[in-house]
Structure formats: C-alpha cells, structure tokens
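here are the coordinates; sequence isn't available:
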C-alpha cells in the first residue's frame, strides 16, 4: 500500500475468509481397466476389479476463519499468510496409482477483490524438493483491477491444479500440502479499493485412478 498517503493507515483490509474441507474422493472403490482387444477370439474377459484407496486429512483440517487479512510482502507469505495444512495418501492397499486435482468451490467474493494483489499458493511437500504453485483472484468477468464495488458474486469455482496438470501419487505415497491465501502489499499503488471485501470458498481435492 502506498506509504505516502498516511490517511490509509486508518483503514483495515477486511476480508472474511472461510476455507473448509469439502467431501473428497477418499474411500475405497473398485474398478477395472478394460483393455479391449481381439486376438484369435471373439470373446473378452476383463481383468479383475482393482482396489483404489486414496484418503486425505483435508476432511479434518482446521479452516481459515479470519475477520481480517493484513497486507503483507509477498516474500513473507510462508510465515505471515493464513494457511490450511493437509495431506493426501494413496494407501498401500491400492493396486493402482492415482492423480489428484485441487480447486476452490462454492466460492463467493466481492467484485473489489478481483485483484492481482489477492493471492493464493499451494506448496506440495514443503522442503528441499517442494513444488510451489501460485496464482491470484483477478477475474475481469467479475471486476477490473482497482474497482471498489463490494457487490458479492456467488457460485464461483477457482481451479488451483487442473486435470491437465494433475499431480501423480504412487501406491503407498503421501503428499503433504499447504494452502496459503493473502493480500499482497504494493508500496506504490493506492490499495484502498481492497477494503471491506468479502470472500468465502471450500477447498476441494479430487483423486482418480491412473494406469
């Protein structure tokens, strides 16, 4: 937020954030791979059904329930931003590998929060070999950057990891995941338009079997 305007210190960036787990695909299911082919016979017998057992702690994760989000420097989001921590496991009882995607569903936000300064990040397996995926909530179909319209838009979905970029999870493997959400400070831009916004969403993880 632009430092030269001292009057901005009277304002608070108010965002209602409620990220809670949605029912996820985390139960054992049976399925078959049908490799249909004819080799000297007109009959085909599919292979036995295979066990697929992916579970996640997202269903028990502590939700973000923040009445206010402070403006922070983007470099500090790992220590200062609100976050949800959970894991996803392809259990050893599974007989096939898995891929998974993540999205925000049942999302609602006021138009003024359609902004490149309203950020999110996913950190997969934090540590030396971590994978970081980042993005923002700018959506020009909802509102242009800098608008101060606090009309709420509902029924939105935000893809964080798409089907095309689904992450692999081998049998017996676990991924630990951190989801962050924050408002990013800009010392040059007057960010007063971000005040008095509302945001809510549900974090959804979807897993599916792969060969």
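Great, that's in hand. Predicted model only: the values in this text are computed from it and were never measured.

show me the contacts for residue 144.
Counting by Cβ atoms under 8 Å, 6 or more residues apart in numbering, residue 144 touches residue 114. Every residue, glycine included, has its C-beta placed from N, CA and C.

sec struct for it, please.
coil (DSSP: H, G, I helix; E, B strand; the rest coil).

in space, what's closest to residue 166 - neighbours in sequence excluded?
Excluding the flanking residues, the one nearest residue 166 by Cβ to Cβ, 6 or more residues apart in numbering is residue 99, at 3.8 Å.

measure how buried that neighbour is and give me the count.
The number of residues packed near residue 99 is 18, by other Cβ atoms under 10 Å.

please apply the same query to the one 3 residues further on.
Counted by other Cβ under 10 Å, the residues lying close to residue 102 total 24.

that one belongs to a helix?
No: counting by three-state DSSP, residue 102 is not part of a helix but strand.

before we move on, back to that, in the strand or helix carrying the residue nearest to residue 166, what counts as buried?
Assigned by DSSP states H and E, residue 99 belongs to strand 97-110. By neighbour count on 16 or more other Cβ atoms under 10 Å, the buried set for strand 97-110 is 97-104, 107, 109-110.

just stretch 50-69 next, same as before
Neighbour-count burial for stretch 50-69 flags 51-58, 61, 64, 66, 69 (criterion: 16+ other Cβ under 10 Å).

what does stretch 149-168 give?
Neighbour counts using 16+ other Cβ under 10 Å place 149, 153, 156, 158, 160-161, 166-167 of stretch 149-168 among the buried residues.

show me where the chain has its helices.
Applying DSSP state H to the chain gives helices spanning 77-80.

helices and strands of it: which one bottoms out on pLDDT?
Sorting the helices and strands of the chain by mean pLDDT, DSSP states H and E puts strand 29-31 at the bottom, at a mean of 37.

you'd agree the residue nearest to residue 166 is up against residue 170?
No: if you go by Cβ atoms under 8 Å, residue 99 and residue 170 don't touch, sitting 10.5 Å apart.

quick check: end-to-end length of stretch 183-195?
11 Å (Cα to Cα, to the nearest Å).

avg pLDDT for it?
Mean per-residue pLDDT for stretch 183-195: 88.

gap between residue 66 and residue 198?
Separation of residue 66 from residue 198 (Cβ to Cβ, to the nearest Å): 12 Å.

also residue 62?
Taking Cβ to Cβ, one finds residue 62 at 21 Å from residue 198.

check residue 142 too.
On the measure of Cβ to Cβ, residue 142 and residue 198 end up 13 Å apart.

and for those two, which residues touch both?
Common neighbours of residue 142 and residue 198 are listed as residue 109 (criterion: Cβ under 8 Å, 6+ apart).
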